[in-house]
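In: Mind folding the following:
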Amino acid sequence: MSSDNQAPDQESTSPETEVDITSKSAPAVKRRGCADTVRTLFTIAIFIWVGVAGIAATLSGHSNSFVGSDNTWNIITFVCTIVATAALMWYVAFRYNSAGPILHHMRILAVVVSINVYLAISVWIVIANYIHSAVSPHKVGLMVWWNLSDAIPFINVNSVLDWQQPLTGYSVQVGWLFLLQRVVVILTLIRVIQILFARWMHHSRAEKKTVATGSEHAEQSTKTSNG
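Out: Reported below is the predicted structural model:
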C-alpha cells in the first residue's frame with residue numbers, strides 16, 4: 001500500500017522539479033548567451049580596428065602600433081591571413097550551401113571582403129619589412145590596392161578611375177605576392193558568381209514548383225465542383 005501511494009506522489013512532483021530546473025537554468029543560459037555575444041562583438045571590433053590601421057599603414061607607407069612595427073605581430077597577421085584564406089577557399093568550394101538564408105550569405109560576403117583586405121595588408125607587410133624592395137613602402141601600399149581592384153574582371157575599375165599603376169619595376173618575389181593576391185580575388189569572385197547563379201536557379205525552381213502546385217489544386221477543385 002505504501003509503495004502504491006508513493007508512486008503517484010513521485011509522478012506529481014516530477015513536473016514541478018523539471019519546472020524548477022528549467023527556471024534556474026534559464027538565467028544561466030541567458031548570461032552565457034550574452035557573454036558569447038560580447039566576445040563576438042569584441043573580436044569583430046578588433047578585426048575592424050586592425051584592418052583600418054592596416055589600410056592606414058599601407059596608404060601612408062609608415063608602420064603603426066598595430067601593423068608593421070612588431071615582428072611577432074607581423075608573422076601572426078600573415079600566418080592567420082594565409083590560414084583564413086585557405087580555410088575560406090575550402091569552405092566555399094566544398095561546404096557552402098547556396099540555398100541558405102540571405103543573412104548567412106551576407107556574413108560569408110563580409111568574411112570574403114575582410115580576408116581580401118587582410119591579404120593586401122599582409123602582402124604589404126612582407127614586402128615592406130622582409131623583402132626590403134628598393135621602392136618606397138608608400139608606393140608598395142598603393143600597389144597592393146591597385147592590384148586588388150585591377151584583379152576584378154570585366155569592370156576595369158582602374159581605367160574608369162584613371163588610376164595609373166603606382167609601381168612598375170619590382171622583383172620576382174614581389175611579383176609572386178601580387179599574383180597570389182590576384183588569384184585569391186579571382187577565385188572568390190568566381191565562386192560567388194557560381195553561388196549567386198545556383199541560388200537564382202534554386203529560386204526559379206521553387207517558383208515553378210509553387211505555380212505547378214497551385215495549378216494542380218485549382219484543377220482538383222474544379223473537378224470536385226463539377227462532380
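
In: Give me the buried positions along stretch 87-94.
Out: The neighbour-count check on stretch 87-94 (16 or more other Cβ atoms under 10 Å) flags 88-89, 92 as buried. For every residue, glycine as well, the C-beta is placed using N, CA and C.

In: So which of these are in helices?
Out: 88-89 (DSSP state H).

In: could you redo the buried residues of stretch 87-94 as JSON lines and give each row pLDDT and distance to His62?
Out: Converted to JSON lines, the buried residues of stretch 87-94 look like this (pLDDT from 0 to 100; distance: Cβ to Cβ, whole Å):
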{"residue": "Leu88", "pLDDT": "79", "distance to His62": "30"}
{"residue": "Met89", "pLDDT": "77", "distance to His62": "32"}
{"residue": "Val92", "pLDDT": "73", "distance to His62": "35"}
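
In: List just the nearest of the buried residues of stretch 87-94 to Leu177.
Out: The closest of the buried residues of stretch 87-94 to Leu177 turns out to be Met89 (Cβ to Cβ; 17.2 Å).

In: Quick one: the helices in this protein, in order.
Out: Going by DSSP H, the chain shows helices at 2-60, 71-90, 102-126, 137-150, 157-160, 172-226.

In: Surely His62 and Ser136 touch.
Out: No - using Cβ atoms under 8 Å, His62 is not in contact with Ser136, being 10.4 Å away.

In: just for the protein, where's the confidence low?
Out: Applying pLDDT under 70 to the chain flags residues 1-30, 64-69, 98-100, 133, 199, 202-227.
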